[in-house]
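J.: Kindly return the folded structure for what I paste below:
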Amino acid sequence: METNDSFLLSIAIPTYNRAKYLKENLEAILSQLESCKDIVEILVNDNASSDNTEQSILNLIEKYCFSIKYHRMTENIGYRANVIDVSLRAKGKYLFLLGDDDILSPDFFKIVVPYLENKNNLAVIHFNRLSGDAICSKNKLHDWEFDGLAKIMDYKEFWFRVMSSPNFMSSVIVRRDCFEKGVSFIKDDYYGYHWFSQICFGSIGEKCLYYYMPLVLMRNPSRTWSHDAALYFLVGMNSIFRDLDQYIPGIHDAWYYRGLKTHFYDFYGILSQVAIDASYYRQYESELMEAMPNRRTKVVLYCILHLRPARIVGGLYHKLLICYRLLFNHYTFTRKSVN
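T.: Residues are numbered from 1 along each chain as shown. Next up is the predicted model:
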């Protein structure tokens, strides 16, 4: 692993055709970078955009007198390959894979840098987030359960606490040697979350930090991955916790408990994507069935995959789910504790 000792943090941004949002993203970084500009590098990997991404980057370099390391692909290599490429270009001790449309808080570096310099040599730093729409309105706090502002934990306690929350990559910073250590654990059925599995498995045996206050605004101008969202979440994420259970006993059961109890609406909500696009998801039926936590959920999955017409069934399913949530407010925050 090549490391530049002068860089504490590498902010690596994969992008494609989002010049407008990327500009706002980078402005939020560059406007607060003065005090730590010598220890932070910014890398932007442009996946052969057809908009004015390159000119926008050049304008920002001139405006802020900061050398953004811009790399443009000659052709679109796909999202996963672009993430891998930009992470390999990073040279800092810590790696922060940042979504091109997300906005960091104005005090991000003031809060985060001291933790990166912490004597515990933290492997992972995960922070809470706000999520909103394309114009950064209607923002909601992701994690509502306050149990302390900041807490350093061993990796077992950490993953029981945060579970899949760091699957939003703009909310997690990882020590780069841990990220690279995690490469050997990657499996094909970690659909869409190969980078997340690197963080999970790379953190084994390490100290991690969860910071409760939101430090990033997650906005959703368009979800280019939404077609495969259910596959990523139901199969990819489940497969990661299935394998992580070897190192953190009970984490897979806790994952199932989360879906059925504490995050009921999220779990059944993602199944509505399967219902609406049933013809696509039938090819993954066996993997989806294996990921279901009990017989009831297997029956629900079978019905939404095979009842016709699929779009009408999917629409009805989604409406019933909304009604159920409104009537019963089926949302609790009790977690399974570490044994």
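J.: Just to check, residue 56 is in contact with residue 25?
T.: No: counting by Cβ atoms under 8 Å, residue 56 stays clear of residue 25, with 10.5 Å between them. Yep, even glycine has a C-beta here, placed from its N, CA and C like the rest.
J.: With neighbour numbers in mind, choose between those two.
T.: residue 25 (24 against 19; other Cβ atoms under 10 Å).
J.: Nearest spatial neighbour of the more buried one, chain-adjacent residues omitted?
T.: residue 100 (5.9 Å; Cβ to Cβ, 6 or more residues apart in numbering).
J.: Show the pLDDT at the one you found.
T.: In this model, residue 100 is scored at 95, pLDDT.
J.: Likewise for the one 4 residues further on?
T.: At residue 104, the pLDDT value in this model is 97.
J.: Contact partners for it?
T.: Residue 104 makes contacts with 25, 28, 29, 32, 98, 215, 216, 217, as judged by Cβ atoms under 8 Å, 6 or more residues apart in numbering.
J.: what kind of secondary structure is the last one in?
T.: Right, residue 217. strand (DSSP: H, G, I helix; E, B strand; the rest coil).
J.: Could you do the first one as well?
T.: Reducing the assignment at residue 25 to three states with three-state DSSP gives helix.
J.: before we move on, back to that, counting neighbours, what do you get for the residue nearest to residue 25?
T.: So residue 100, with other Cβ under 10 Å, has 24 neighbours.
J.: Could you do residue 256 as well?
T.: 18.
J.: what are the phi and psi values for it?
T.: phi -60, psi -40 (degrees, to the nearest 10).
J.: Quick check: it touching residue 293?
T.: Yes: contact criterion Cβ under 8 Å: residue 256 and residue 293 qualify, at 3.9 Å.
J.: Low-confidence ranges, this structure, go.
T.: 1-5, 221-226, 264-265, 308-339 (pLDDT under 70).
J.: ok, which stretches of it are strands?
T.: All strands of the chain, identified by DSSP state E, fall at 9-15, 40-46, 69-72, 94-97, 103-104, 124-132, 140-141, 150-154, 172-175, 207-219.
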